[in-house]
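Novice: next comes the sequence, and after it the predicted model I'd like to discuss.
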Amino acid sequence: MKRILFEETGGYHDNIRAMLATLKKAAIQAINFFRCHFSRSAWLLLICCGMLFTAAIAQDPIFTQAFLSPVYLNPAATGTGDYDLRVSGIYRRQWWTVPSNMNAMVVSVDKFVPDISGGIGLTAVHSSEGYLNKNGIYASYAYNICSGTASVADNGGSPKWFWTGGLQFGFAQSKIDFNKLVFADQINTGGYIPGSVSSANPPLRSGRVFPDFAAGTFFNYNINDYNRLLLGFSGHHINKPDESLTYSSDTVRSQLPVRWSGNVLYTHTDPSQTWSYSLAAIGYRQAFNSSYQVGTEITQNQFDISLGIWYRFSTKDKTFNFPPVNTFSVSLAINLTGNSGNKDKVRVGVAHDAEVGKKSYSYTTGSSEIGFVWDHSTYNMGVDDPCKPKISSTVCPAFVK
């Protein structure tokens with residue numbers, strides 16, 4: 001995502017505008033030179049090398065409404081829906097006015113199984129970054145341990161704490177869309193030639209499939225009947241899979257860096273009151289990229305409508321000298337079934353991000369998300385399994401009573 005980060009920060013544009021004019025002239029001269037001296041194979045080799053570089057600094061999609069897709073955030077969330085069966089999906093359109101059309105979506109289904117004291121799930125991921133498309137399909141399993149059914153009566157009907165540990169395994173694919181690439185014979189001194197078709201032959205391999213692993217954990221502690229604390233930690237791509245499209249030797253690889261993430265969540269929920277609230281912080285670290293999100297979500301208990309305010313910031317990349325990105329976000333979620341759903345709940349959430357900084361929003365018009373969670377009950381959890389864990393899509397960890 002950082003490959004087009006300069007398009008997001010307006011102040012950075014102002015500082016290099018004059019330099020870009022000079023670079024344009026130099027680029028035209030370089031294009032003419034390469035057209036005369038480089039073969040088609042050399043051009044394809046340069047493109048592949050460039051993709052290796054961008055993949056090395058690439059970053060996984062990050063969602064503002066992370067708990068609308070909890071299994072993507074952490075495989076330990078498998079089987080922790082409001083009821084025992086959960087289907088969720090989320091879509092994000094990154095930077096509306098940036099022409100590369102960056103977007104990402106995740107769809108998952110997971111179920112709590114009392115006989116194995118845990119959950120099983122399946123997750124599909126798709127993202128598009130200009131000419132590079134990524135797809136993945138993953139299976140996950142989470143095991144749950146709580147304070148035990150013997151202590152339920154002593155704690156107001158719900159266990160004092162629960163811990164879940166999850167594993168995820170699947171296959172991912174990185175693939176080039178050659179229709180979005182521009183070759184030397186499609187460019188002249190005036191720039192790109194509209195409608196031109198390159199005579200370059202694409203390489204034999206335009207994509208690669210590789211195994212991908214993840215693991216994570218959640219710990220929830222019920223301070224009292226109304227206050228809860230949730231801690232989580234996870235690692236994705238822990239096997240550092242090779243994304244290289246050149247299929248070269250082990251000395252030249254494009255390893256997908258591990259995405260580490262952690263979260264802290266405090267929730268106050270009192271059904272007898274009009275309002276409930278949550279305070280949350282999520283941190284991500286992948287290769288040279290660090291991002292942190294903090295905020296709060298307030299819920300109107302009668303209508304089950306939640307309003308969230310979030311601030312995301314990143315640290316400056318000292319390796320590649322990219323400037324930090326700061327974003328202000330607003331989210332709105334509503335339970336479409338209200339409080340009357342005994343076996344089903346459908347929750348829909350939307351969010352919009354705005355970059356903070358000089359002219360930043362005018363260059364990108366921000367990013368938007370929409371997601372949903374459908375929870376369905378297939379058995380009486382309150383009677384059959386009082387130790388069922390629950391990590392709600394409203395950023396409110398709780399237990400089914």
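Specialist: Ah, there it is. All values reported here derive from a predicted model rather than from experimental measurement.

Novice: which stretches in the stretch 1-150 of the chain count as strands?
Specialist: With strands called from DSSP state E, counting those that start in this stretch, the stretch 1-150 of the chain shows them at 85-94, 102-113, 118-129, 132-146.

Novice: which of those sits closest to Pro61?
Specialist: Proximity to Pro61 (CB to CB) singles out strand 102-113 among these, at 3.5 Å. Every C-beta, even on glycine, is put in place using the N, C-alpha and C of the backbone.

Novice: given that closest one, what are its sheet partners and their directions?
Specialist: Here strand 102-113 is paired, per DSSP bridges, with strand 85-94 (antiparallel), strand 118-129 (antiparallel).

Novice: so which of these is nearest Val325?
Specialist: Of all the strands paired with strand 102-113, strand 85-94 sits nearest to Val325, with 11.6 Å by CB to CB.

Novice: so how far is the closest one off the chain centroid?
Specialist: Strand 85-94 sits 10 Å away from the centroid of its parent chain (CA atoms, centre = their mean, to the nearest Å).

Novice: and the nearest residue to Ala354 once chain neighbours are set aside, its phi and psi?
Specialist: Of all residues not flanking Ala354 in the chain, Gly366 sits nearest, at 4.6 Å (CB to CB, 6 or more residues apart in numbering). Phi and psi for Gly366, reported as degrees, to the nearest 10, are phi 80, psi -170.

Novice: repeat for Tyr361
Specialist: phi -70, psi -30.

Novice: cool, Thr217 as well?
Specialist: For Thr217, the backbone dihedrals (degrees, to the nearest 10) come out as phi -150, psi 150.

Novice: was I right about it contacting Gly166?
Specialist: Yes. The pair Thr217 / Gly166 is scored as a contact, 7.2 Å apart, by CB atoms under 8 Å.

Novice: intersection of neighbour lists for those two?
Specialist: Shared contacts of Thr217 and Gly166, defined by CB atoms under 8 Å, 6 or more residues apart in numbering, comprise 74, 76, 234.

Novice: which single one of these is nearest to Asn380?
Specialist: Distance ranking of the shared contacts of Thr217 and Gly166 against Asn380, using CB to CB, places Ala76 first at 24.9 Å.

Novice: mind listing what the residue nearest to the closest one when sequence neighbours are not counted touches?
Specialist: Leaving aside its sequence neighbours, Ala76 sits nearest to Gly166 (CB to CB, 6+ apart; 3.5 Å). The neighbourhood of Gly166, defined by CB under 8 Å, 6+ apart, consists of 74-78, 140-143, 215-218, 234.

Novice: mind checking how far Gly166 is from His236?
Specialist: 11 Å (CB to CB, to the nearest Å).

Novice: how many neighbours does His268 have?
Specialist: Neighbours of His268 under the rule other CB atoms under 10 Å: 17.

Novice: residues near Ser331, how many?
Specialist: Ser331 has 22 neighbours, counted by other CB under 10 Å.

Novice: what's opposite it in the beta bridge?
Specialist: As for beta bridges, Ser331 partners with Gly308, Ala351 under DSSP bridges.

Novice: show me what contacts it?
Specialist: Neighbour list for Ser331: 64-65, 297, 306-310, 349-351, 369 [criterion: CB under 8 Å, 6+ apart].

Novice: buried subset of those residues?
Specialist: By neighbour count, with 16 or more other CB atoms under 10 Å, the contacts of Ser331 hold 64-65, 297, 306, 308, 310, 349-351, 369 as buried.

Novice: in JSON lines: those, plus distance to Leu229 and pLDDT.
Specialist: Converted to JSON lines, the buried ones among the contacts of Ser331 look like this (distance: CB to CB, whole Å; pLDDT from 0 to 100):
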{"residue": "Thr64", "distance to Leu229": "22", "pLDDT": "90"}
{"residue": "Gln65", "distance to Leu229": "21", "pLDDT": "91"}
{"residue": "Glu297", "distance to Leu229": "15", "pLDDT": "94"}
{"residue": "Ser306", "distance to Leu229": "19", "pLDDT": "92"}
{"residue": "Gly308", "distance to Leu229": "19", "pLDDT": "94"}
{"residue": "Trp310", "distance to Leu229": "19", "pLDDT": "95"}
{"residue": "Gly349", "distance to Leu229": "23", "pLDDT": "95"}
{"residue": "Val350", "distance to Leu229": "28", "pLDDT": "95"}
{"residue": "Ala351", "distance to Leu229": "24", "pLDDT": "95"}
{"residue": "Glu369", "distance to Leu229": "26", "pLDDT": "95"}
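
Novice: for Tyr192, state which of the residues you listed is nearest.
Specialist: For these, the nearest to Tyr192 is Glu369 (32.0 Å; CB to CB).

Novice: wait, isn't that closest one in contact with Phe63?
Specialist: Yes. Contact criterion CB under 8 Å: Glu369 and Phe63 qualify, at 6.2 Å.

Novice: anything in contact with each of the two?
Specialist: By CB under 8 Å, 6+ apart, Glu369 and Phe63 have these common neighbours: 90, 92.

Novice: so the residue nearest to Ala354 touches Ala351, yeah?
Specialist: No. With contact defined as CB under 8 Å, Gly366 and Ala351 do not form a contacting pair (10.0 Å).

Novice: Thr269 contacts Glu297, doesn't it?
Specialist: No. Using CB under 8 Å as the test, Thr269 is too far from Glu297 to be in contact (11.3 Å).

Novice: residues near Asp344, how many?
Specialist: Applying other CB under 10 Å, we find 15 residues neighbouring Asp344.

Novice: skipping adjacent residues, who's closest to it in space?
Specialist: Leaving aside its chain neighbours, Asp344 sits nearest to His376 (5.3 Å; criterion: CB to CB, 6+ apart).

Novice: give me the neighbour count for the one you found.
Specialist: By the measure other CB under 10 Å, the count of residues near His376 is 17.
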